[in-house]
Structures are given as C-alpha cells and as structure tokens.
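J.: Predicted model and sequence follow; I will ask about them next.
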Amino acid sequence: MSALRTGDYVIVRDDFPPGHVRTPVYVRGKRGRVVRKLGEFQNPELIAYRLEGPAKALFAVRFAQTDLWPDYRGPRGDTVDLDLYEHWLTPAGPEPEEQQA
Amino acid sequence: MSGGDHDHHHHDHDHCEDDHCDDPTHHHGHDHGHAHAPPQPDDRVSSYHQILGIALKELLIEKGVVTPEELRAAIEKRESASPADGAKIVARAWTDPDYRRRLLKDANAAVAEMGVPMTTTHLVAVENSPAVHNVIVCTLCSCYPRELLGLPPAWYKSRAYRARVVREPRAVLAEFGTKLPPDVEVRVHDSTADMRYLVIPRRPAGTEGMSADDLAALVSRDSMIGVATAKAP
Amino acid sequence: MRGPNDVGGTPDGPVDPEPHSLTFWEKQIDALRGVIGGKKIVLTDENRRYVEALGDDVYNTLTYYQRWTAALSRQMVDKGILTQDEIDAKVAEIRARLAADGELDVEALAKERL
C-alpha cells in the first residue's frame, strides 16, 4: 500500500500502457503534490476487463498550470487537480529551494 | 473482477454507468408526477446509430434483459433530477455553518441528509473563496454529479470544453461570461476516478437575511460546475 | 500518442455554452445504458473501454450517445446476449418500418457514407 501522504511531491509515471487507463496523457511525467488521500478503490484498468486485483490507493494530486504547459499564459498560481491511483505515482523530493530552507 | 463483490471503504461501489447507476430500489429524494414530453414525431431518424439504438432497446426487451417498466422508470428518474437539488444544498451551506462543515468534510453524508443521496460515486464539495475559484471537468469522458445536477449539458461533454478547460481555463470561463481577477487561483478539477465534484460558489453580496429557498434560486447549474458565479439577487 | 477520448490540453474551438436539451432518443439510450449498468451486465469501466476502442475516426464522428450505442451494441455481442445477425435483422426491420411511416431522413442517412 502506498506510503504517500498529503503534501508529498510526486512524479506521474510517463508510460503508455495499452488498454483502458484513467491517467490522462497531459499529466504523465509531470510533477505534482498530493493534496488529499481519497481512499482505496478497485483498479479501473482491471475492472474494464472484469479482472481482479488488489485495491489501489487514490490520491488527489495538484499540478501547477505552468508545470503542465510551458506556454501557460495565466497567473502562476493557477492549478489542476486530478485523482490518480498509487501505481501511477512515484515519490519525488521537495523543491530544491525548500531543501535549502 | 466478477461483479460487485469488491469492497473498499464501506461502500458498495458499483461500476455501472459513466456517471451513476440505476438501482431500481433507489428512489430519488422527490418524485414529480408530471407527464413527460412525448417523442417528437417531427424528428425523423437521421443516422444508423439511432436505428441501432432502437434495435438494441427492442431486442433487449424481447429477450427479457430489460423491461419497458425499467426503462420508463429510468427516464423518469432522469427527468426528475435537476440542478435544483444541488442548489438547495449550496443554499443550505451558505446559511448553516455546521452544514457547510459537514458538506466539506463528508459530502456523501451531507447530501444524503438533504434527501439527495449519491448512488455509486463519492462526492467532494469544493468551495470558492476570495482566493480560489474551482471549475469541474472530466477530460476522459463525462463524469458528472448527476444526482445533484441532473444530466450534464451538451457543452460539458463536448470535446472543446474537455480539451481546453484544463489548459486555458480563463479563456473558457470568459466564453461563459465569467472573468476572474489574476489574484484568484483558478483550480480545475479533472474527475478522473470515482470522485464527483460539486462547486460551492461564493454567496453573492447583498443577500444577507435571505431565506435558503430564495438563495437557492441564485445558484445556477453553471455556478455549481464552476463556469459561472452565483447570480446577484 | 493517446486514446481518442483523452483530449485534455489538445487544441479545439470555442465552447458553445447553450445547454441543448436531450432528444427523446438520447434519453432512451441514457436510460437503457443505466438499466443495463444497474444489472451489472455492463460495468462503467468496461463501457468506457468499448467507447475508447471505437478509434479516433468513429469517436470523433459520432455524437456522445451514438458512441454509447455503438459501444453497447458491441458489448451485447461480445457477452453473448445478442448476436450480430439478430442486431442486423432488427436494424433492417426498423429501417423498413420507419421508411414506411415516412420517419426516415433518407438524405441525412446517405450522407453518413461520405
């Protein structure tokens, strides 16, 4: 089970597995921050084929628009939240400046 | 997975429809006995898929997979759910601080309390403030809190909305006539999983002392999706 | 490299903010899908998978409920609930019935081949 906690930084896996997937391409490989643990759910990637597997932890993850789109024209504070399953999330370290602080 | 035996949380979580499921034992908070509009005879059938849809319906009835009564009940349920249900929840949250806290903490319990239970999905209420404006989308399909808002409007399911609101939310909001100052964070929620989102818009100025019923009339569907703000009194 | 449904962040035109109420046919499809889902004959994620499997061209050509209809049809065959022959015969029967009643928009149907 995932040890991720609210406030942790994560990087979304940058993979393209075939089949039914609920992680949009636009966040793959992007860095975000866990804002809420939402519980544990059956994995839709298996349900879509009526397969069974372990429940997966689901997290709301927040991304800065400027991290998703290098050409984002709006204010730096704008964000996107997505609900992502644990097997798509890799723990990432804090921001370099935060490490120094 | 072989059916509905999986358990997580303590919910019996059915995956059965894009946005919610028809449990024939579930009755919506209110039942309007009004007659529905009959099929429009002037609308001629103009696509193969329309014919295919009618064929599937007739075959599945002939085989006893579904009954006409079940289909009628499902249509009636769709016609009875409307944004008025969401609006009364928002109005209560505006007027009852304890209810607002409950709604933000455990939205499923809070909406069930108001007679509008979620059927299969988990509701999360997100509140607008002077600092944050929330807007909801489902870029992958059309996830939508139907129990509270009825069937989604065409634009919510459109490619244009789904494609653009995560990348240029302020431009899309402007197309709905909603302009936000740069110091307000625009926070887009892309409903990718089992959560459904409801925006609690900001209570408009000049509404002090108004009753919850009167306030509910200011809460539009679009304001609960987040592409608009609540109406002025 | 993305599924036909995975459109977030791709270019598109203005959003039409008009609500456009559903036609009776669309409501019927929504209800049919809901009742079948309620019986767990079709699971939500299964249905999404079938919609995604329509491919880019079909996905982008069909309307929302047309996509659901196509996906539902394919699932009924794959699950052994209906055969494609039964469906084809019923489509032909309904087409003839609608034509006899003058309820078929023949010109629009012809355009679907273009």
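T.: Ah, there it is. Residues are numbered from 1 along each chain as shown, chains lettered A, B, ... in the order given.

J.: nearest residue to the residue of chain B found nearest chain A other than its sequence neighbours?
T.: For chain B, the residue closest to chain A is residue B:193, as judged by CB to the nearest CB, at 3.9 Å. No exception for glycine: its C-beta is placed from N, CA and C like everyone else's. Spatial nearest neighbour of residue B:193, excluding adjacent residues (CB to CB, 6 or more residues apart in numbering or on different chains): residue A:83 at 3.9 Å.

J.: Check residue B:183 too.
T.: Ranked by CB to CB, 6+ apart and with sequence neighbours excluded, the top spatial neighbour of residue B:183 is residue A:75, at 7.4 Å.

J.: where's that neighbour relative to residue B:120, distance?
T.: 37 Å (CB to CB, to the nearest Å).

J.: about what we covered before: who touches the residue of chain B closest to chain A in this structure?
T.: Counting by CB atoms under 8 Å, 6 or more residues apart in numbering or on different chains, residue B:193 touches A:22, A:38, A:41, A:44, A:58, A:83-85.

J.: Now with 7 Å, please.
T.: Each residue near residue B:193 by CB atoms under 7 Å, 6 or more residues apart in numbering or on different chains is listed here: A:22, A:41, A:58, A:83.

J.: Whichever helix or strand the residue nearest to residue B:193 is part of - contacts with which helices or strands?
T.: Secondary structure assignment for residue A:83, by DSSP states H and E: strand A:79-85. Counting contacts by 3 or more CB pairs under 7 Å, 6 or more residues apart in numbering or on different chains; DSSP states H and E, strand A:79-85 packs against strand A:56-64, helix A:65-68, strand B:185-190.

J.: What strands line up against the last one, and which way round?
T.: It refers to strand B:185-190. Using DSSP bridges, strand B:185-190 pairs in its sheet with strand A:79-85 (parallel), strand B:132-137 (parallel).

J.: again, but for the first one
T.: Within its sheet, and counting by DSSP bridges, strand A:56-64 is paired with strand A:31-41 (antiparallel), strand A:79-85 (antiparallel).

J.: What are the contacting residues of that strand?
T.: Here strand A:56-64 has contacts from A:1-2, A:4, A:10, A:27, A:30, A:32-41, A:43, A:79-87, A:89, B:193, using CB under 7 Å, 6+ apart.

J.: Just the buried ones out of the residues you listed, please.
T.: A:2, A:4, A:10, A:27, A:30, A:32-35, A:38-41, A:43, A:79-86, A:89, B:193 (16 or more other CB atoms under 10 Å in any protein chain shown).

J.: Excluding residues flanking it in the chain, which one is nearest residue C:58?
T.: Closest to residue C:58 by CB to CB, 6+ apart is residue C:70, at 6.9 Å.

J.: Domain parsing of chain B, as residue ranges.
T.: The record's domain parsing of chain B by automatic domain parsing lists B:48-80, B:83-225.

J.: So between residue A:75 and residue B:120, which is more surrounded?
T.: Legend: neighbour count by other CB atoms under 10 Å in any protein chain shown for residue A:75 and residue B:120, higher for residue B:120 (24 against 16).

J.: how much space between that one and residue B:146?
T.: 10 Å.

J.: Likewise for residue C:95?
T.: Distance, residue C:95 to residue B:146, by CB to CB: 32 Å.

J.: Also residue B:62?
T.: Going from residue B:62 to residue B:146 by CB to CB gives 29 Å.

J.: The two: which is more packed in?
T.: A side-by-side neighbour count of residue B:62 and residue B:146, using other CB under 10 Å, places residue B:146 first with 24 against 11.

J.: correct me, but the more buried one touches residue B:80?
T.: No - taking contacts as CB atoms under 7 Å, residue B:146 lies outside contact range of residue B:80: 11.4 Å.

J.: other SSEs contacting the helix ranked longest in chain C?
T.: Across chain C, the helix with the greatest residue count (assigned by DSSP state H) is helix C:84-100. Helices and strands touching helix C:84-100, by 3+ CB pairs under 7 Å, 6+ apart, are helix B:48-62.

J.: How about the residues of chain C by chain A?
T.: Taking CB under 7 Å from any CB of the partner chain as the criterion, chain C approaches chain A at residues C:1-2, C:6, C:8-9, C:43, C:45-46, C:48-49, C:52.

J.: lowest-confidence helix or strand of chain A?
T.: Lowest by mean pLDDT, DSSP states H and E among the helices and strands of chain A is helix A:96-100, with a mean of 55.

J.: Low-confidence bits of chain B, can you list those?
T.: Scanning chain B for pLDDT under 70 picks out B:1-42.

J.: Mind doing that once more with 80?
T.: Scanning chain B with the threshold set as pLDDT under 80 gives B:1-43.

J.: rewinding a little: tell me which of the domains of chain B sits most buried.
T.: When you average the neighbours per residue for each of the domains of chain B (mean count of other CB atoms under 10 Å in any protein chain shown), domain B:83-225 leads with a mean of 20.

J.: which residue sits closest to the residue nearest the centre of chain B, ignoring its sequence neighbours?
T.: Nearest to the mean C-alpha position of chain B, by CA atoms, centre = their mean, lies residue B:145 at 2.9 Å. In this structure, residue B:145 finds its nearest non-sequential neighbour in residue B:196, 4.1 Å apart by CB to CB, 6+ apart.
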